[in-house]
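Student: Sequence first, then the predicted structure:
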Amino acid sequence: MRKSLAVAVVWIAFGPGFVACGDTFTVREDDGQTVTIEARMVGEGRAGIALERSDGRIEVVPQGQILNRHPGADPSPKTGGEILQGLAERFGTENFRSYCESPYAIGLILSQPLPKQYERRADLFLKKGAAFMKTVEKTFGRYADDLKIGISNPRYPLVILVFETDDDFMTYAAKETGGSGLSSGRILGFYSGLSNYLAIRMSECHTFETPLHEAIHQQVFNRGVLQRLAPTPAWFNEGIATGFEGNGDKINGGPLRISPRYSQAAKMAHNVDWDDVVADDKAFRGDVLAGEAYAHAWSIHWFLVTKYRSQYVTYLDVLRQKTPFEEDDAKRRIADFETAFGKSVGQLQGEFPQWLESAAKKQKIALLDTKQPGDIVTQSNLAEVEMNAQSSGLGPMEFRGRMKNISHIRPMSFHVTVETDAGTYAEWFQPNVPPLKIIPLSRQLAHKRMQNGQGGPATTFQVRVRAVVPDSETGQKWQRGLLSVPIFSDWAFEVSHRPSMKWGDGCNPEFFGRASIAGRRPVQPAESLSTLRILQSSDRRPAVACPCVDS
Ligand SMILES: [Zn+2]
């Protein structure tokens, strides 16, 4: 089906107990043409019907555009190979590499054609991705077995798209949200409940943290645990996804283990309560509140699955019954919750600190933040940068560190800058760093002036990375010494104070409604950010320079 059918993502009240069925539909497209399609109807309402296509996509078609409907069997799902073939056509075969290992169909979108000598690396990268997805699948399956949650095999191939460059990823992410100009710059990866695809930056594949988080969402919605586009509370979706933690390509924790990071953040939360996130998802969309909302999501989920295990399974059954676009409200959400657990949300929150304390002792987990001030680790644009800052409080900040080219497939040129809140910066240019190679970043003072920078004493900084293929046009410009001077703006710096974000996750139909509607009017950056999901990630905040410390 062509794109025009996917225009109407709207609020639709579908009746409860809806049973999906396969039919042939004659549809009038937006341009007036008539097409006949086979699809599985997964929801129906006054404004339209939700059609699941043979590749697993869901399209919402206004009722008036359905000219005829002929009952029939469910269309057979496409194979991974067929889906990848279509994606190769979409992205251009020259810049697309893929690998299929059922049920995973993984596509790599290259920034430009790949010289032959790097083909093997691309191939290995894709195979490693598939192996990781298999690990996620096994770990998720073990969790479900442990709790005796029935799961099924995915009906459709699970598509993962990896974008070599952040720019291509951002273009794709912006398009997927209806070209609304959402700030895709801060999105690391996302799973879409509409396309059923997981899309991610290659930069994020280095630590596997974002791929793991998004892959859990994809598992949840494809293995019969929850229904896509159903009104599942965000605290549950994010709680289960944040419950899985990795260590490189290993997964060393499931939702029963304590997360030092999130438990610490939950302790410090003071603007949002469990009541707020159980009642609705607003806190997940607010710039300020989202960090706390994620911390609570982890806390509530961990607390319930460890202390109230059988009630948790009962509650999950209630969520599992919720169908795409079914109506839900705060009253019903709280009733669902309190009926399943037999206590008020507030009472349960009151039990949490003591339960956490004693579990932390048993699991021998320190609940303290061990991060050193002045250190920052950044993954961005195919680089992992470790930077240490020293400041006397008087002169310019001093930086040194190292960086790794985290492209698995080819050498890259890097322009790394450290930008301070005073509008000053330091820079490093590395013309050709082989894949996965680590190089030092020598001592530099942040005394260069950014465009619009005022200068003066600085207290915080952020690391920014630009990366290009060495023999590209920009790469050659850089080699001639033409490096761009970063632009200072209060807004940019304010944004950078926020934790990294994972957008969408396809968990919440409201998100799609907002994204689609927002696409039809200009969106201010600050506003668009509020529709993004945020993952609390203290190590990605700008670091505060450590005063008066000698190296
Ligand atoms: Zn998520």
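Tutor: Received it, and whenever you're ready, just let me know what you need.
Student: quick one, strands of the stretch 101-250 of the chain?
Tutor: 104-109, 158-163, 189-191, 198-201, 245-247, 250-253 (DSSP state E, counting those that start in this stretch).
Student: mind putting those strands in TSV, mean pLDDT and mean neighbour count included?
Tutor: (Glycine included, C-beta is placed from N, CA and C.) TSV is the format used below for the strands of the stretch 101-250 of the chain (pLDDT from 0 to 100; neighbours: other Cβ atoms under 10 Å):
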stretch	mean pLDDT	mean neighbour count
strand 104-109	98	25
strand 158-163	98	25
strand 189-191	89	30
strand 198-201	94	25
strand 245-247	78	17
strand 250-253	80	15
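Student: Mind putting these into CSV with distance to P231?
Tutor: Shown next, in CSV, are the strands of the stretch 101-250 of the chain (distance: least, Cβ to Cβ, whole Å):
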stretch, distance to P231
strand 104-109, 28
strand 158-163, 23
strand 189-191, 17
strand 198-201, 22
strand 245-247, 27
strand 250-253, 28
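Student: quick one, which of those is nearest to A295?
Tutor: strand 245-247 (14.1 Å; Cβ to Cβ).
Student: The closest one - contacts with which helices or strands?
Tutor: Judged by 3 or more Cβ pairs under 8 Å, 6 or more residues apart in numbering; DSSP states H and E, strand 245-247 is in contact with helix 209-222, strand 250-253.
Student: who's in contact with the first one?
Tutor: Counting by Cβ atoms under 8 Å, 6 or more residues apart in numbering, the neighbours of helix 209-222 from elsewhere in the structure are 129, 132-133, 136-137, 140, 154-156, 158, 160, 188-191, 193, 196, 198, 200-201, 204-205, 225-228, 237, 240-246, 251, 502, 505-507, 535.
Student: again, only using 7 Å
Tutor: 132-133, 136-137, 140, 154, 158, 188-191, 193, 198, 200, 204-205, 226, 228, 237, 240-241, 244, 246, 251, 502, 505-507 (Cβ atoms under 7 Å, 6 or more residues apart in numbering).
Student: for stretch 481-489, same thing?
Tutor: H415, T417, E419, G423, Y425, E427, F429, M450, Q451, N452, G453, R464.
Student: same question, stretch 253-270
Tutor: By Cβ under 7 Å, 6+ apart, stretch 253-270 touches 139, 143, 240, 242-245, 291-292, 295-296, 298-299, 301-302, 305-306, 356, 359-360, 363, 365-367, 369, 536, 538.
Student: Where does the prediction get shaky in the stretch 1-150 of the chain?
Tutor: 1-21, 45-48 (pLDDT under 70).
Student: 50 - rerun?
Tutor: 1-17 (pLDDT under 50).
Student: Just the helices from the stretch 301-450 of the chain, written as ranges.
Tutor: Applying DSSP state H, counting those that start in this stretch to the stretch 301-450 of the chain gives helices spanning 309-320, 330-341, 345-363.
Student: in the second one, what's buried?
Tutor: To tie it back to what came earlier, the one meant is helix 330-341. Using 16 or more other Cβ atoms under 10 Å as the test for burial, helix 330-341 gives R333, I334, D336, F337, A340, F341.
Student: cool, and the last one?
Tutor: For helix 345-363, burial by neighbour count (16+ other Cβ under 10 Å) applies to V345, L348, Q349, F352, L356, A359.
Student: The first one against D336, yeah?
Tutor: No: assessed by Cβ atoms under 7 Å, V345 is found out of contact with D336, at 11.2 Å.
Student: got CSV for the contacts of stretch 481-489, with pLDDT too?
Tutor: Below are the contacts of stretch 481-489 laid out as CSV (pLDDT from 0 to 100):
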residue, pLDDT
H415, 96
T417, 94
E419, 89
G423, 92
Y425, 94
E427, 96
F429, 96
M450, 94
Q451, 92
N452, 89
G453, 90
R464, 89
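Student: Just the ones of those residues in strands?
Tutor: H415, T417, E419, Y425, E427, F429, R464 (DSSP state E).
Student: Can you lay out those as a markdown table showing distance to A122?
Tutor: Formatted as a markdown table, the ones in strands among the contacts of stretch 481-489 follow (distance: Cβ to Cβ, whole Å):
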| residue | distance to A122 |
| --- | --- |
| H415 | 24 |
| T417 | 29 |
| E419 | 33 |
| Y425 | 34 |
| E427 | 30 |
| F429 | 26 |
| R464 | 27 |
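Student: State the number of residues packed around T34.
Tutor: 11 (other Cβ atoms under 10 Å).
Student: Now for K437: which residues touch it?
Tutor: Per Cβ under 7 Å, 6+ apart, neighbours of K437: K404, N405.
Student: Please apply the same query to the one 4 residues further on.
Tutor: The contact partners of L441, by Cβ under 7 Å, 6+ apart, come to R400, G401, R402, M403, V416, W428.
Student: burial count for the residue lying closest to the fourth one once chain neighbours are set aside?
Tutor: The spatially closest residue to M403, leaving aside those adjacent along the chain, is V385, at 4.6 Å (Cβ to Cβ, 6 or more residues apart in numbering). Here the number of neighbours of V385 (other Cβ under 10 Å) works out to 23.
Student: just checking, V385 touches V463?
Tutor: Yes: if you go by Cβ under 7 Å, V385 and V463 touch, sitting 5.1 Å apart.
Student: where do the contact lists of those two overlap?
Tutor: The contact lists of V385 and V463 share T378, V416, where a contact means Cβ under 7 Å, 6+ apart.
Student: Can you list the neighbours in contact with stretch 331-347?
Tutor: Counting by Cβ under 7 Å, 6+ apart, P233, W274, D275, V278, A279, L304, Y308, Q311, T314, Y315, V318, L348 sit against stretch 331-347.
Student: Quick check: the farthest pair among these?
Tutor: Pairwise over those, using Cβ to Cβ, the maximum falls at D275 and T314, 20.9 Å.
Student: hmm, back to that, pick the one among the ones in strands among the contacts of stretch 481-489 closest to the ion.
Tutor: Checking the ones in strands among the contacts of stretch 481-489 against the ion by Cβ to the ion gives R464 as the nearest, at 25.0 Å.
Student: what about the residue nearest to that closest one when sequence neighbours are not counted, how many residues close to it?
Tutor: Spatial nearest neighbour of R464, chain neighbours left out: T417 (5.0 Å); criterion: Cβ to Cβ, 6+ apart. Neighbourhood size, T417 [other Cβ under 10 Å]: 23.
Student: before we move on, back to that, closest one to the ion among the helices and strands packed on strand 245-247?
Tutor: helix 209-222 (5.6 Å).
Student: Could you list the buried residues of the closest one?
Tutor: For helix 209-222, by 16+ other Cβ under 10 Å, it's 209-222.
Student: Next, see if it gets close to the ion.
Tutor: No: shown here: helix 209-222 not in contact with the ion (Cβ under 5 Å from the ion), separated by at least 5.6 Å.
Student: about what we covered before: let's have the buried residues of helix 330-341 in TSV, adding distance to the ion and pLDDT.
Tutor: Output for the buried residues of helix 330-341, formatted as TSV (distance: Cβ to the ion, whole Å; pLDDT from 0 to 100):
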residue	distance to the ion	pLDDT
R333	18	97
I334	22	97
D336	21	97
F337	20	97
A340	22	97
F341	23	97
